[in-house]
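In: Sequence first, predicted coordinates after that:
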Amino acid sequence: MTLDAIIEALKFIFPAYCANAAPVIFGGGKPIDLGRKFTDGKPIFGKNKTFRGFISGLIIGTLVGLAENIFFGYSPFFGFITSLGALIGDLLESFIKRRIGIGPGEIFPLADQLDFVLGAICFSFLVMPPKIDVLIITLIITPPIHLATNFLAYLFKLKEKPF
């Protein structure tokens, strides 16, 4: 794992990282599931998944992707596609958490750290598939980065729990 490969992985996943972080800062408001319950009587996604968070994540990630287009020659659609994938991956993980009885904000190890990355990677194949080394490095470096940024968000009182 060379420094160049790590940098490539960070450049690749950065729009998704930003899309995933934006709802912590700009989220709140009406939940995407509008407070509705699934057939099992549990919330579909939960109160923490909001329209404002989703839209802010999509906007921030898209803008980061457009900057990467200017600086690195990435597809102008890359940021939008990977951000959308990241946000949908996060929603899917929330849906699964609700089904197995894990509440909003409760810990679901590894799934909490990799849900958005896996969504971003899947969607990236539509525009710019990652090289295998970039994919592997992204999956390795994301959990510790995610835990560290969550802890910082907690210290800055942006999150109620550190992890």
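Out: Arrived safely. Residues are numbered from 1 along each chain as shown.

In: could you list every residue that touches residue 36?
Out: By C-beta atoms under 8 Å, 6 or more residues apart in numbering, the residues touching residue 36 are 43-44. C-betas here are computed from N, CA, C, even on glycine.

In: do the same with residue 161
Out: 105, 107, 154.

In: Any idea how many residues pack against the second one?
Out: It stands for residue 107. By the criterion of other C-beta atoms under 10 Å, residue 107 has 10 neighbours.

In: Check residue 79 too.
Out: Neighbours around residue 79, by other C-beta under 10 Å: 28.

In: Please apply the same query to residue 123.
Out: By other C-beta under 10 Å, 21 other residues sit near residue 123.

In: distance of the residue nearest to it when sequence neighbours are not counted from residue 2?
Out: With C-beta to C-beta, 6 or more residues apart in numbering as the criterion, residue 123 has its nearest non-adjacent residue at 2.8 Å, and that residue is residue 85. Look at residue 85 and residue 2: by C-beta to C-beta, to the nearest Å, they are 26 Å apart.

In: So which of those two has more stuff around it?
Out: Between residue 85 and residue 2, counting by other C-beta under 10 Å, residue 85 is the more crowded of the two (25 against 9).

In: helix or strand right after whichever helix or strand the residue nearest to residue 123 is part of?
Out: With secondary structure defined by DSSP states H and E, residue 85 is part of helix 78-99. Going down the chain from helix 78-99, the next helix or strand is helix 111-124, by DSSP H and E.

In: tell me what that next one is packed against?
Out: With contacts defined as 3 or more C-beta pairs under 8 Å, 6 or more residues apart in numbering; DSSP states H and E, helix 111-124 has these neighbours: helix 3-26, helix 78-99, helix 132-155.
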